[in-house]
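Engineer: let me see the structure of the following:
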Amino acid sequence: MSAIDVVGRYGAAAAAGDMAALAATLTENAVWHQPGANPLSGDHVGPEAVVAHLGRFMELSGGTFALETESATESGDLVATTVRFTARREGRADLDQHGVDVFRVEGDRIAEIWLIGEDQAVEDRFWS
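Structural biologist: Numbering: from 1, shown residues only. Below you'll find the model as predicted:
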């Protein structure tokens, strides 16, 4: 299975809201690197921590957080996707940004994920 196919499985699970299937696409020690200076920032290690982290996006946004993958490309064990992410939150300007997510694949699972948003300061204000 190619790296882009592995990330495709992850994306399909996320789109379906199937967190068990999403967790199954991650290695035992997968690391989600969340940038910024907000309550969601930092490294989240292991499938359970990643799933819990994704749940926090939904919790803080009242279930409005959405992610759309626009394109994907691979180079060896790395996959880069261009994304658009949106969310609403009471008392804050809506979040609507583009970004790049980078995945490192080991075998048939994802070992690391890095997120790069177009305006980290805006994202930090939204999630804080």
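Engineer: tell me what the longest strand along the chain is packed against?
Structural biologist: Looking across the chain with DSSP state E, the single longest strand is strand 95-106. If contacts are counted by 3 or more C-beta pairs under 8 Å, 6 or more residues apart in numbering; DSSP states H and E, strand 95-106 sits against helix 3-16, strand 78-87, strand 109-117, helix 120-127. No exception for glycine: its C-beta is placed from N, CA and C like everyone else's.
Engineer: between strand 109-117 and that strand, find me the angle.
Structural biologist: Using axes from the mean of the first three to the mean of the last three C-alpha atoms, to 10 degrees, the inter-axis angle of strand 95-106 relative to strand 109-117 is 150 degrees.
Engineer: distance between strand 95-106 and the chain's centre?
Structural biologist: Here strand 95-106 is found 6 Å from its chain centre; the criterion is C-alpha atoms, centre = their mean, to the nearest Å.
Engineer: okay, the residue in the chain sticking out farthest from the centre: pLDDT?
Structural biologist: Here the centre of the chain is the reference, and by C-alpha atoms, centre = their mean the most remote residue is Gly91, at 24.1 Å. Gly91 is assigned a predicted lDDT (pLDDT) of 89.
Engineer: swap in the one 10 residues further on?
Structural biologist: Each residue has a pLDDT score; the one for Asp101 is 97.
Engineer: sec struct for the nearest residue to Gly11 once chain neighbours are set aside, please.
Structural biologist: In space, and not counting its chain neighbours, Gly11 is closest to Thr69: 5.6 Å by C-beta to C-beta, 6 or more residues apart in numbering. Put simply, Thr69 is strand when judged by DSSP: H, G, I helix; E, B strand; the rest coil.
Engineer: which ones are touching Asn29?
Structural biologist: Applying C-beta atoms under 8 Å, 6 or more residues apart in numbering to Asn29 gives the contacts Val45, Gly46, Ala111.
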